[in-house]
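Asks: sequence? don't have it. structure:
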C-alpha cells in the first residue's frame, strides 16, 4: 500500500470525507457577496470579547462547536485537532480551542493553514491513525493589522495591491469510512499536494498576492505532474488569497510553464469581498479567508452537484513583522487538496 | 489495521526508525555538561549572521544538512519536512530550511515542537504516506528573549524560577522499514501520545516550568492509560524543559494521580546546563533544548544499550508577548514519544 504519489503528493487509498463544516465571519464579510451563505455573522467584530485576540479565539471556538453540532458529534468523539492561525505563537488557537480538550497538533502555514491542517487531517485518516479529526483556522482583521502592520488608530493608507484580512473562522470535521457510514457528507478529499517554500525575493508586505503567487504556481505545477492531471480535469482551481494582483501573476507564471488555468481559476480573496464597493483593494486574505469560503461556498457548490471536482489551494505568506523590519523577503507556500462531490 | 490506541495515542503497526540525527548548539550549551556530545558548537552565537533571527535560521539549516549527510541522504530523498520554532510566524523555519526545497508542513507547539514534529513524522510513516521525513526545530536565547521578554540590552534580572532558552537546533531523519533496510539506526519510535492544552490559570512567564507541568502530568497519565503501562516500564521518563521548579510540580501532580516517577524522571532542561556554575537558574528551555538533548544524549544512551526504552516528552508553554501583556494565562502542552533501542 503506497499512498505517496509523485514528489509531493498523496492519493489516499482509504476514503476521507468532509463530514461537516462551519463558518463564522465578521460584519464586513457578512455584507460581502457571500454574506448570506455563512453560518454566523457577528453583530460587531469584538464578538463580545475585550480584545481583538480574544475575539479571534472566540471565532475558533464557535466554529469548532458549530461544526461538531452539525455533525452530531461531541468533542470526545474526535481523535485529533489540527489548528493554527496567523498570530505570533498561534494564540488565537491556544486560547480558542482548549476547552474542547481534544489532543492538539498545532500547525503554522500562514494563510495556507486551512490547507495544511486539512492535509494533515487527511493523512491521519488515510493512514489509519484517526477516525475523525477536526481542522480549524481563523484570522481577524484587527488582530492581524496589529500583528503585522500598523495599529488601526493610525488610520494609515493602503496601496491598491494590499489585501484586507478576513475576520472569520472555518472548521471542518473529517472522517474515514466508518465515521461516514453512508450518511450525508459535504465532499470527499481524494488528493493532497504539500507545498514547498518558494521565495522570489519580493519584499513588499503590501503586495502579498505577488509574493505568494510563485508558491501557488510551484505547488500547482507539481500537482499536475504528480497526478498526471491538467487544468481541464478540475471544474475550479481555487487559491486562497492571491487577490487580483496575485491572480495575474499566477496565471502568467503557469502560462510560462505550459498550463492555462484562466478558465478554471478562482480566488477566495476575490470572491469574498466586492472590491468596488467594500474598499478592500486587491481582495480578502488571511487564514480565515479560504476557510470560510470553503465551508460556505465551495462545499455548497460541490454538495449541490454544481461542481464535481475542484483543487482547493490556500496560499500563505511567511513573513513576520520582525522579518519585515529586518529587510527580509516574503517567502510563500501553498498546499493543495483535491475535493470531489459525493457520488 | 487500527493504529489508534486509547484516547490520545498511536501505536505504529509499521516500524518507524530514527535513522540519523544532528545537533548544533551555541557557546553556553557547549560549555555545559553535555557540551562534548553535540555535533557542532558555535564559536559565537551569531553563527556568522547579521541578526539573531538569521542566526537561528542558520542553526536549522545546518542541523538538517548535517543529519542528511550523516544518513547519506539528499534533500530530494525526503518526502516531507516537519518544522517549527518559537518565533512569531515561525520565521527561523521559513528562512532556515527553504533552500532544501522539501515539501514543508510547519508545526507550532511552543517548546513541545520537537515532540510534535516527530509525532507527525511518525504518523506519516506509520500511515504509509511517506518513506523518509525530516523533523527539525530550533531556539536561540537572544531571539527568544527579544520575542518574549526584554531586549538583552536592558540587562534585566531573572527570578530563580526562570529558565534559559537554549541556543540550538536538532534535526531527525525518520524512516520506515524500506528506508531503514537493516542498517544502523539510532532508535525505534514505538508509540506516540498527543497532548491536549492544559491551563491551570498560571500567569508567570518567568516560571514556565510550573505553567507546563500540569500539561506534562496530563499527557503522562493519558499515556500510562492508553498503553496500559507504568513508570517502571521505562528506563527514563524525559520531559523537555520543566526545569527544577516544574520537575517538582510534575512529580507531585503525578503522585496525586497514583504514579511515582521520581526514579525515572529526567528533564532535558536540567541536564543541559550546570545550574550551579552557569547561572541558568531553573534550567534550560526552548524548542532546541529537548531537540539537541535527544540527538546528542538520549539517542546515544539508547544506541549504546544503556537504556532500552524511554518516554520522551517535550513540553510547551503556549504564551506570546501579546497574550502576556493582555493578562492571559500561560497554557501548556506536551507530546510523548516512546523510544526503544534497536534490537
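Replies: Everything's here; your move. On a predicted model such as this, the values are computed, not experimentally measured, just so you know.

Asks: Break down the stretch 101-250 of chain A into its strands, ranges please.
Replies: In the stretch 101-250 of chain A, the strands defined using DSSP state E, counting those that start in this stretch lie at A:104-106, A:132-139, A:164-165, A:168-175, A:187-193, A:236-239.

Asks: Nearest to chain B, out of the ones you listed?
Replies: Closest approach to chain B among the strands of the stretch 101-250 of chain A (Cβ to the nearest Cβ): strand A:104-106, 4.3 Å. The way it works is simple: take the backbone N, C-alpha and C, and place the C-beta from them, glycine included.

Asks: Okay, now the sheet partners of the closest one, with direction.
Replies: Partners of strand A:104-106 in the sheet, by DSSP bridges, are strand A:80-85 (parallel).

Asks: After the partner strand, which helix or strand is next? Please name it.
Replies: Remark: after strand A:80-85, the chain's next helix or strand is helix A:91-96, criterion DSSP states H and E.

Asks: Any chance you could list what contacts that next one?
Replies: A:53-54, A:56-61, A:64, A:83-86, A:104, A:106, A:136, A:138, A:140, A:143, B:197, B:318-320, B:322-323, B:328, B:331 (Cβ atoms under 8 Å, 6 or more residues apart in numbering or on different chains).

Asks: 6 Å instead, please
Replies: A:53, A:56-57, A:60-61, A:83-85, A:138, B:318, B:320, B:323, B:331 (Cβ atoms under 6 Å, 6 or more residues apart in numbering or on different chains).

Asks: pLDDT score for residue A:1?
Replies: Residue A:1 is assigned 50 on the pLDDT scale.

Asks: Against residue A:173, how distant is whatever residue of chain A ends up closest to chain B?
Replies: Of all residues in chain A, residue A:127 sits closest to chain B, at 1.6 Å by Cβ to the nearest Cβ. Using Cβ to Cβ, to the nearest Å, residue A:127 is found at 18 Å from residue A:173.

Asks: How about residue A:44?
Replies: 28 Å.

Asks: higher neighbour count, these two?
Replies: More crowded of residue A:44 and residue A:173, by other Cβ atoms under 10 Å in any protein chain shown: residue A:173, with 28 against 9.

Asks: Specify the beta-bridge partners of the more buried one.
Replies: Bridge pairing for residue A:173 - DSSP bridges - gives residue A:20, residue A:134.

Asks: pLDDT below threshold where in chain A?
Replies: Low-confidence segments of chain A (pLDDT under 70): A:1-2.

Asks: at 90 instead, please
Replies: Scanning chain A for pLDDT under 90 picks out A:1-3, A:14-15, A:149-157, A:182-184, A:343.

Asks: What residues does it have near chain B?
Replies: Contacts of chain A with chain B, taken as Cβ under 6 Å from any Cβ of the partner chain, map to A:1, A:3, A:8, A:10, A:51, A:88-91, A:94, A:98, A:101, A:103-104, A:106-109, A:123-124, A:127-129, A:194, A:196-197, A:199, A:318, A:320, A:323, A:326, A:331.

Asks: of those residues, buried ones?
Replies: The neighbour-count test (16 or more other Cβ atoms under 10 Å in any protein chain shown) marks A:3, A:8, A:10, A:51, A:88-91, A:94, A:98, A:103-104, A:106-109, A:123-124, A:127-129, A:194, A:196-197, A:199, A:318, A:320, A:323, A:331 as buried among those.

Asks: Sitting in helices, which of those residues do you find?
Replies: In helices, defined here by DSSP state H, the members of these are A:91, A:94, A:123-124, A:323.

Asks: and the two most separated of those?
Replies: Maximum pairwise distance in these, criterion Cβ to Cβ, is 30.6 Å, between A:124 and A:323.

Asks: quick one, what contacts the residue of chain A closest to chain B?
Replies: B:127, B:129.

Asks: Apply 7 Å and report the result again.
Replies: Residue A:127 makes contact with B:123, B:126-129, according to Cβ atoms under 7 Å, 6 or more residues apart in numbering or on different chains.

Asks: For chain A, state which of these is nearest.
Replies: Checking the contacts of residue A:127 against chain A with Cβ to the nearest Cβ, the nearest one is residue B:127 at 1.6 Å.

Asks: What does the closest one show for phi and psi?
Replies: Backbone torsions of residue B:127, given as degrees, to the nearest 10, read phi -80, psi 0.

Asks: can you check residue A:320 too?
Replies: Dihedral pair for residue A:320: phi -140, psi 170, per degrees, to the nearest 10.

Asks: about what we covered before: for the strands of the stretch 101-250 of chain A, which one sits closest to residue A:29?
Replies: Per Cβ to Cβ, nearest to residue A:29 of these: strand A:168-175, 5.6 Å.

Asks: How about the contacts made by residue A:160?
Replies: A:281-282.

Asks: Tell me the spacing between it and residue A:241.
Replies: 16 Å.

Asks: now swap in residue A:105 and tell me
Replies: Taking Cβ to Cβ, one finds residue A:105 at 23 Å from residue A:241.

Asks: I'd say residue A:308 and residue A:339 touch.
Replies: No: the pair residue A:308 / residue A:339 is not scored as a contact, 9.9 Å apart, by Cβ atoms under 7 Å.

Asks: tell me the domain boundaries of chain A?
Replies: In the domain annotation for chain A, the residue ranges read A:16-180, A:190-340 (automatic domain parsing).

Asks: For residue B:212, find the nearest of these.
Replies: Ranking these by their distance to residue B:212 (criterion: Cβ to Cβ) puts domain A:16-180 first, at 12.7 Å.

Asks: Quote the end-to-end distance of the closest one.
Replies: 9 Å (Cα to Cα, to the nearest Å).

Asks: How about stretch A:227-241?
Replies: Length of stretch A:227-241, first residue to last, Cα to Cα: 24 Å.

Asks: got the buried residues for that stretch?
Replies: Across stretch A:227-241, burial judged by 16+ other Cβ under 10 Å covers A:227, A:231, A:234-241.

Asks: what's the spacing between it and its chain's center?
Replies: Distance, stretch centre to chain centre, for stretch A:227-241: 16 Å (Cα atoms, centre = their mean, to the nearest Å).

Asks: And stretch A:112-131, by the same measure?
Replies: Taking Cα atoms, centre = their mean, one finds the center of stretch A:112-131 at 14 Å from the center of the full chain.

Asks: and if you look at stretch A:220-233?
Replies: For stretch A:220-233, the distance to the chain centre is 20 Å (Cα atoms, centre = their mean).

Asks: How about residue A:79: what's its closest non-neighbour residue?
Replies: Counting by Cβ to Cβ, 6 or more residues apart in numbering or on different chains, residue A:130 is the residue found nearest to residue A:79 once chain neighbours are left out, at 3.7 Å.

Asks: now swap in residue A:106 and tell me
Replies: Once flanking residues are discounted, residue A:106 sits nearest to residue B:108: 4.3 Å by Cβ to Cβ, 6+ apart.

Asks: Let me see the contact set for that neighbour.
Replies: Counting by Cβ under 7 Å, 6+ apart, residue B:108 touches A:84, A:90, A:106-108, B:84, B:90.

Asks: any idea how far residue A:137 is from it?
Replies: Per Cβ to Cβ, residue B:108 is found 12 Å from residue A:137.
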